[in-house]
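Undergrad: The sequence and its predicted three-dimensional model are supplied below.
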Amino acid sequence: MSDQPVTTGEDAAGAAGEIRPGMAFSGGFRGAGEGVPEELRPGVIETRGMNVYYGDFEAVSGIDLNFQYNEISALIGPSGCGKSTVLRSLNRMNDLIPSARTEGEVIYHGENIYAPGVDPVEIRRRLGMVFQKPNPFPKSIYDNIAWGVKINGFKGSRADMDDVVQRALEQAALWDEVKDKLKESGLSLSGGQQQRLCIARAVATQPDVVLMDEPCSALDPIATLRIEELMLELKKDYSIIIVTHNMQQAARVSDRTAFFNVELDNRGMRTGHLVEFSPTDLLFTNPKQTQTEDYITGRFG
């Protein structure tokens, strides 16, 4: 297999801070701030005072998070606390909901992704998404990978595309299982294999970040273990942010965990807020906030 990078037709000489159609990122922020305390170090993506509304309803309020490179960050909390809303806001997926609007800033490569003129399609390519339920396209296994790469401007040969497909399937620990049936439908795979195919599809465009919204909730324990092992392998090349209802999963795979909770206003409306974002081992053994301790010890949630 060739070691040549994916050819996208983008101008690789573009400034890292620009997020425009057809613009590549240099990755110049990676590793910046060595020797600086982690909480102050520039991360791959950062939220500053982020509020998300659906119409007049404030779903989450005042979210400040700093996600580091090559780490797995888990978002946990009771149902309705806004974990998935926060996740979808990181790559502007909420833009697809007509009533949704986001206030505050989400900083990616030094630029607010919600600033005027920023291309949300380019953002979603750089911050890939894996959903709760496996959703392969009704296409062949090969075309499930190739299609996303093609629509993002791939200019290489068929042999180059073969390399891209193989590399993505290898990264998703699926190549050995499907290499002899690439022309078969992605829908013919088992649930766990379908989810790994979706992960391969997400990493094929070489994003900086992979967002995962409860990726194991529809899978059996064996398939869940495979996905968790895969996440630990993928973090060598990507930053991963995962929403999970499974606290044991967060404890097993994540480097840092954010705990969200809900506040009720005088109308009984539920607004999610961030309680604590800490290294995972500390959050589960010595949480800073009483709310966090009550949640992880099962007193509510």
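TA: Received, thanks.
Undergrad: When you work out contacts or count neighbours from here on, use the C-alpha atoms and nothing else.
TA: Noted.
Undergrad: What segments of the chain are strands?
TA: Counting by DSSP state E, the chain has these strands, from start to end: 45-54, 57-67, 72-76, 100-108, 111-112, 127-130, 209-213, 239-243, 256-264, 270-279.
Undergrad: and those strands as a markdown table, adding mean neighbour count and mean pLDDT?
TA: Below are the strands of the chain laid out as a markdown table (neighbours: other CA atoms under 10 Å; pLDDT from 0 to 100):
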| stretch | mean neighbour count | mean pLDDT |
| --- | --- | --- |
| strand 45-54 | 19 | 97 |
| strand 57-67 | 20 | 96 |
| strand 72-76 | 26 | 98 |
| strand 100-108 | 20 | 96 |
| strand 111-112 | 18 | 94 |
| strand 127-130 | 25 | 95 |
| strand 209-213 | 25 | 97 |
| strand 239-243 | 25 | 98 |
| strand 256-264 | 21 | 95 |
| strand 270-279 | 20 | 96 |
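Undergrad: For residue 190, find the nearest of those.
TA: Ranking the strands of the chain by proximity to residue 190 (CA to CA) places strand 127-130 first, at 16.5 Å.
Undergrad: Which elements pack onto that closest one?
TA: If contacts are counted by 3 or more CA pairs under 8 Å, 6 or more residues apart in numbering; DSSP states H and E, strand 127-130 sits against helix 191-203, strand 209-213.
Undergrad: could the ones you listed be laid out in CSV, adding distance to residue 71?
TA: Shown next, in CSV, are the helices and strands packed on strand 127-130 (distance: least, CA to CA, whole Å):
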stretch, distance to residue 71
helix 191-203, 16
strand 209-213, 10
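Undergrad: any idea where the helices of the stretch 101-250 of the chain begin and end?
TA: Listed in chain order, the helices of the stretch 101-250 of the chain (DSSP state H, counting those that start in this stretch) span 120-126, 141-151, 158-171, 175-178, 191-203, 221-234, 247-253.
Undergrad: Put together JSON lines for these, with mean neighbour count, mean pLDDT and distance to residue 77 on each row.
TA: Shown next, in JSON lines, are the helices of the stretch 101-250 of the chain (neighbours: other CA atoms under 10 Å; pLDDT from 0 to 100; distance: least, CA to CA, whole Å):
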{"stretch": "helix 120-126", "mean neighbour count": "19", "mean pLDDT": "92", "distance to residue 77": "25"}
{"stretch": "helix 141-151", "mean neighbour count": "20", "mean pLDDT": "94", "distance to residue 77": "32"}
{"stretch": "helix 158-171", "mean neighbour count": "19", "mean pLDDT": "96", "distance to residue 77": "30"}
{"stretch": "helix 175-178", "mean neighbour count": "14", "mean pLDDT": "97", "distance to residue 77": "35"}
{"stretch": "helix 191-203", "mean neighbour count": "26", "mean pLDDT": "96", "distance to residue 77": "23"}
{"stretch": "helix 221-234", "mean neighbour count": "17", "mean pLDDT": "95", "distance to residue 77": "19"}
{"stretch": "helix 247-253", "mean neighbour count": "16", "mean pLDDT": "96", "distance to residue 77": "9"}
